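# Prediction below, plus the sequence it came from.
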Amino acid sequence: MSDSGGNQPALERSTFPLSSGEGYGAVVNGNFIKINIGMREFYASVYAFLSDDNGQFGRFDTVTDAVAWAVATANTHEGQPRERFPVAYWEIRKGYSITVRLTDSGEYKGEIFPLWVDSEPEPMRIFKQFPSQDEAVQWARRAADEQVDQKQDYELRLLQIKNELEAQSV
């Protein structure tokens, strides 16, 4: 965690389909990139967290150009909190944006949000307030881990249903 509360150099590098089915997201150098398909072009965006005022966007003729630009941009991107949504700390963990905001009351609000969701309506953000930034960060990390575990358990149960239906249909 940096002293300024900014983006820490994350080792996570993962790729996942966007929920709309119109592209893919990836985590590169602690930043989130998104590549979407347009009618005749590809759209690429890079940001460090959901309310990143320094988010960068581009349109490209080829997927190769879109991905190359997004990866190169993510490798040097510096997130910038919006004045209206001051962020004291952020990171990306297992496909979730983790942010901690300092509230007007002096408490820290930890928040997680799944980055792969790109369709309306937005899913409910999960948040909780704490007296210290460290407590908020630790809670958000645990909450992100729990969300990943729940998603994996859900996918396993779906697979069990499918396998059982196929086995009993023979």
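Okay, I see it.
# From P81, how far off is Q138?
20 Å (CB to CB, to the nearest Å). All C-beta spots, glycine's among them, are computed from the backbone N, C-alpha and C.
# show me where pLDDT drops low in the protein?
Within the chain, the segments meeting pLDDT under 70 span 1-13, 117-124, 170.
# mind listing the helices for it?
Counting by DSSP state H, the chain has helices at residues 63-76, 133-168.
# center of the chain - which residue?
Nearest residue to the geometric centre of the chain (CA atoms, centre = their mean): L115, 2.9 Å.
# right, and that residue touches G95 too?
Yes: counting by CB atoms under 8 Å, L115 touches G95, with 5.5 Å between them.
# Overlap in contacts, those two.
G25, V27 (CB atoms under 8 Å, 6 or more residues apart in numbering).
# tally of neighbours for the residue lying closest to G38 once chain neighbours are set aside?
In space, and not counting its chain neighbours, G38 is closest to R59: 7.1 Å by CB to CB, 6 or more residues apart in numbering. Using other CB atoms under 10 Å, R59 has 13 neighbouring residues.
# do E22 as well
15.
# That one contacts M39, correct?
No: counting by CB under 8 Å, M39 is not a contact partner of E22; they are 11.1 Å apart.
# hmm, back to that, wait, what's in contact with the residue nearest to the centre of the chain?
G25, V27, F32, I92, G95, Y96, S97.
# ok, the third one touching W90?
In other words, F32. No: using CB under 8 Å, F32 makes no contact with W90, being 10.5 Å away.
# Overlap of the contact sets of those two?
Common neighbours of F32 and W90, using CB under 8 Å, 6+ apart, are A48, F49, S97.
# As TSV, the residues you listed with distance to A167 and neighbour count would be great.
Below are the shared contacts of F32 and W90 laid out as TSV (distance: CB to CB, whole Å; neighbours: other CB atoms under 10 Å):
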residue	distance to A167	neighbour count
A48	46	27
F49	44	25
S97	40	24
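# Among those, which lie within strands?
Residues of the shared contacts of F32 and W90 located in strands (DSSP state E): S97.
# Nearest to D65 among the shared contacts of F32 and W90?
A48 (22.3 Å; CB to CB).
# wait, isn't that closest one in contact with R82?
No: with contact defined as CB under 8 Å, A48 and R82 do not form a contacting pair (11.9 Å).
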